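J.: No letters, just coordinates:
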């Protein structure tokens, strides 16, 4: 039971962060930013390359890759999303643009690193911690706790800070926000940077824990989309609740029916979420 | 020569799927990202039933087309209220579920995710020229059938009205949701038929042949081929089949060639989705091709 709770909490935390990351991008821009899966991979590969090619210390590699990830998020928004957004193109076409960006990124990684699963080595590799009666790898526990704390700070900042109010205003109604003189481009860029950095942190956690491969981005974003769709608002604590529920459901299904079924469950939920997204906009 | 015949046969098979995607897009307004899945359902139905249970080829094809059509109909009924933009996302979810279904096909009794030694279609045998002729005539017949069904007669006029303006069509008594369900499930059945023929022709299938990246390629081709006129389905299918061959000619093969192809399709998707509205042009074509009495 303790082991199960531990696994659900750790997986739930990553779902929470991925949901928050997707919400920040989607709700502020209305772009179904599936290319976030490519950003998730970018951060992991950047850190791995910093260590392997430049010989950078682990901490510097992680910080450097996060900064680059934030910049990439802003660049994608400015280059690919902002011009069509300014012309008022439909959400469906914006989604296709995002899909195109994901295809380019994912296949670019495929050319550079191949299909192999790559990991970031740390001095803590192989150390297993006992938590109550459960066991967890030290790297996973430390990285997940840091991830959870950062995501909680971001969620609080969106709720309480002045910039957070602007973000929520732009997310609620971009035209009204523009009418009131708010800088929509800057706010959306800020959300894309924050969302990308959170996605990047998830990518780094994956690289530290189980490793990354070019095909792992899409399953990650699907869980984020499900959590984001079930939650209300840009960065509310709904995300935490739904992430925990999704993680518990997946774990129960995996434990009883086998580990090949949790993913189809997420996907079925994705379709339901698409319905809810529609309803919430009415 | 036999290599060229092989490529042309594949072009004809893929053109049927592209015709199906175009039909879903231009007549229901659904940018379908799950037609590779329907294509796979047809292929797996033939592969599974003919190799595991020695079911006749025709019955296996009928099962594949029915399952794909039924699944598509249920899907449209379920997601119809979402609005066109969100339906795209839902189609991606469906595609991923179908991909997972193919990967996990070994849970079926005597099932396997990779199926080899699929029997050839009856009458066609191993003659490559006969296969090409069959696939070409089949593709042209499906193209003509879709074109005539969606432009003439009561159904055609209703479909045109629905694709031009759903609101107007409903105002004159056209049941657009019923029509969309019919068209989309017909389009899925067409893709499944192409998949069944592909499985018999290739005699080997695996889940990678029907995954989401294949759906992305189909949709990219739908966007790209709208500039290519009447035979756009053949041109789009030609791009899907010939681009890897062109890469191979320049010494680029294996996984890297597939990656470069996907990058090109991604770029195409970005450019076409950013630059022009495909629906507006297709709607314009529909309006001009409609007969005055429509």
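T.: Structure received. Just so it is clear, the structure is predicted and the values come from calculations on it, not from any experiment.
J.: what packs against the helix or strand encompassing residue B:239?
T.: Here residue B:239 is covered by helix B:232-249, with elements defined by DSSP states H and E. Helix B:232-249 is packed against helix B:2-28, helix B:128-149, helix B:212-225, helix B:255-275, with contacts defined by 3 or more C-beta pairs under 8 Å, 6 or more residues apart in numbering or on different chains; DSSP states H and E. Placement of C-beta: from N, CA and C, glycine included.
J.: mind redoing it with 6 Å?
T.: helix B:2-28, helix B:212-225, helix B:255-275 (3 or more C-beta pairs under 6 Å, 6 or more residues apart in numbering or on different chains; DSSP states H and E).
J.: Next, the buried residues of the longest one.
T.: So that's helix B:2-28. B:6, B:8-28 (16 or more other C-beta atoms under 10 Å in any protein chain shown).
J.: Against which helices or strands is it packed?
T.: helix B:35-52, helix B:128-149, helix B:176-202, helix B:212-225, helix B:232-249.
J.: which stretch in these has the least confidence?
T.: Ranked by mean pLDDT, those end with helix B:128-149 at the bottom, a mean of 76.
J.: Show residues contacting that one.
T.: B:2, B:5, B:8, B:9, B:12, B:13, B:15, B:16, B:19, B:23, B:124, B:156 (C-beta atoms under 6 Å, 6 or more residues apart in numbering or on different chains).
J.: out of those residues, who's nearest chain A?
T.: Set against chain A, the nearest of the contacts of helix B:128-149 by C-beta to the nearest C-beta is residue B:23 (17.5 Å).
J.: Tell me who's in contact with that closest one.
T.: B:146, B:187.
J.: switch to 10 Å and redo it
T.: Residue B:23 makes contact with B:30, B:32, B:142-143, B:146-147, B:149-150, B:159, B:183-184, B:186-187, B:190-191, B:233 under the criterion C-beta atoms under 10 Å, 6 or more residues apart in numbering or on different chains.
J.: Can you tell me which of those is nearest chain A?
T.: Looking across those and measuring by C-beta to the nearest C-beta, the closest to chain A is residue B:30, at 9.6 Å.
J.: and the closest one, what are its phi and psi?
T.: Dihedral pair for residue B:30: phi -100, psi 120, per degrees, to the nearest 10.
J.: so residue A:136, which of the three states?
T.: strand (DSSP: H, G, I helix; E, B strand; the rest coil).
J.: Got the confidence number for it?
T.: 82.
J.: Is it in contact with residue A:130, as I believe?
T.: Yes - counting by C-beta atoms under 10 Å, residue A:136 does reach residue A:130; the two are 8.4 Å apart.
J.: which of these two has more neighbours?
T.: residue A:136 (18 against 8; other C-beta atoms under 10 Å in any protein chain shown).
J.: quick one: contacts for that one?
T.: Counting by C-beta under 10 Å, 6+ apart, residue A:136 has contacts A:3, A:6, A:7, A:9, A:10, A:128, A:129, A:130, A:142, A:144.
J.: Please work out how many residues are found near residue B:140.
T.: 17.
J.: What separation do you get for it and residue B:146?
T.: 11 Å (C-beta to C-beta, to the nearest Å).
J.: quick one: terminal-to-terminal distance for stretch A:70-84?
T.: The first and last residues of stretch A:70-84 sit 21 Å apart, counting by C-alpha to C-alpha, to the nearest Å.
J.: pLDDT (mean, whole number) over it?
T.: Here the average pLDDT along stretch A:70-84 is 93.
J.: Then stretch A:1-8?
T.: 82.
J.: So for that stretch, what gets flagged as buried?
T.: A:6, A:7, A:8.
J.: Just the ones of these in helices?
T.: Among these, the members found in helices (DSSP state H) are A:6, A:7, A:8.
J.: now these in TSV, with distance to residue A:102?
T.: Shown next, in TSV, are these (distance: C-beta to C-beta, whole Å):
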residue	distance to residue A:102
A:6	32
A:7	29
A:8	29
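J.: Check those against residue B:249 and report the nearest one.
T.: residue A:7 (50.7 Å; C-beta to C-beta).
J.: Skip the chain neighbours and tell me the closest residue to the closest one.
T.: Nearest residue to residue A:7 in three dimensions, chain neighbours excluded: residue A:251, at 6.2 Å (C-beta to C-beta, 6 or more residues apart in numbering or on different chains).
J.: for the one you found, what are its contacts?
T.: A:4, A:5, A:7, A:8, A:11, A:12, A:259, A:262 are the contacts of residue A:251 under C-beta under 10 Å, 6+ apart.
J.: Quick check: the gap between the first one and residue A:141.
T.: Going back to what we said before, that points to residue A:4. 16 Å.
J.: residues in contact with the residue nearest to residue B:207 when sequence neighbours are not counted?
T.: Leaving aside its chain neighbours, residue B:207 sits nearest to residue B:102 (3.9 Å; criterion: C-beta to C-beta, 6+ apart). Neighbour list for residue B:102: B:37, B:40-41, B:43-44, B:113-115, B:205-211 [criterion: C-beta under 10 Å, 6+ apart].
J.: follow-up on the earlier one: spell out which helix or strand contains the residue nearest to residue A:7, please.
T.: helix A:238-257.
J.: Number of residues surrounding residue B:264?
T.: Neighbours of residue B:264 (other C-beta under 10 Å): 18.
J.: Tell me, how many residues neighbour the residue lying closest to it once chain neighbours are set aside?
T.: Distances taken as C-beta to C-beta, 6+ apart place residue B:243 nearest to residue B:264, at 6.9 Å, with adjacent residues excluded. For residue B:243, the neighbour count with other C-beta under 10 Å is 17.
J.: Please report the distance of residue B:243 from residue A:183.
T.: 43 Å.
J.: So which bits of the helix holding residue A:251 are buried?
T.: A:238-240, A:242-244, A:246-248, A:250-251, A:253-254.
J.: Tell me how far it lies from the chain's centre.
T.: Distance of helix A:238-257 from the chain centroid (C-alpha atoms, centre = their mean, to the nearest Å) equals 17 Å.
J.: For it, the averaged confidence score.
T.: In the prediction, helix A:238-257 has an average pLDDT of 83.
J.: same question, stretch A:94-102
T.: Stretch A:94-102 comes out at a mean pLDDT of 90.
J.: touching chain B at all, it?
T.: Yes - judged by C-beta under 10 Å from any C-beta of the partner chain, stretch A:94-102 and chain B are in contact via A:94, A:95, A:96, A:97, A:98, A:99, A:100, A:101, A:102.
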